[in-house]
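> sequence first, then the predicted structure:
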Amino acid sequence: MRKKAAKSRRVKKDDMRVEYDFARMPGGVRGKYYQDYREVHTVEIHRTDGTTAVQHFALEDGAVMLDPDVRECFPDSETVNSALRCLIPLIPKKSAMK
């Protein structure tokens, strides 16, 4: 007799697993540290041998964070740059006299 095939535990690339969906947790807020992440932040890594490694992270100059809905339409820098180049001619040029 054959056993029923176990349901696949694969998660779609864009779906968040239930255990990581903090919006479902009492007091949980998705994106709570979003603005802090854009600033320089430090991560301490405590190793099993008792040592601690410290790493500093910051967005590189020119790096831009895209909102999830925008990211769906523009998944990589090539598509973002192409779309923005189409908009450049529509931007009014600054006048020489202010």
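Nice, I can see it.
> for the rest of this, base every contact and every neighbour count on C-alpha atoms.
OK.
> shaky segments in the protein?
The model of the chain has pLDDT under 70 over residues 1-14, 16, 21-26, 28-30, 34, 37-38, 95-98.
> need the strands for it, in chain order.
Ranges of strands within the chain are 41-46, 52-57, based on DSSP state E.
> who touches the last one?
Taking contacts as C-alpha atoms under 8 Å, 6 or more residues apart in numbering, the residues outside strand 52-57 that touch it are 40, 41, 42, 43, 44, 45, 46, 47.
> swap in stretch 76-95?
For stretch 76-95, the surrounding residues in contact (C-alpha under 8 Å, 6+ apart) are residue 74.
> for the chain, longest helix please?
If you go by DSSP state H, the chain has its longest helix at helix 77-87.
> buried ones in that one, by neighbour count?
Of all the residues in helix 77-87, not one is buried under the rule 16 or more other C-alpha atoms under 10 Å.
> still on that earlier bit, can you list the strands of the chain in TSV and add mean neighbour count and distance to residue 89?
Shown next, in TSV, are the strands of the chain (neighbours: other C-alpha atoms under 10 Å; distance: least, C-alpha to C-alpha, whole Å):
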stretch	mean neighbour count	distance to residue 89
strand 41-46	11	37
strand 52-57	10	35
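> would you turn the ones you listed into CSV with distance to residue 75?
Below are those laid out as CSV (distance: least, C-alpha to C-alpha, whole Å):
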stretch, distance to residue 75
strand 41-46, 25
strand 52-57, 23
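> all helices for this structure, in order.
Using DSSP H, helices in the chain cover 34-38, 68-73, 77-87.
> the ones you listed: which one's closest to residue 17?
Ranking those by proximity to residue 17 (C-alpha to C-alpha) places helix 68-73 first, at 16.4 Å.
> distance of residue 31 relative to residue 93?
According to C-alpha to C-alpha, to the nearest Å, residue 31 stands 36 Å off from residue 93.
> tell me which of these two has more neighbours.
Higher neighbour count among residue 31 and residue 93: residue 31, with 11 against 8, using other C-alpha atoms under 10 Å.
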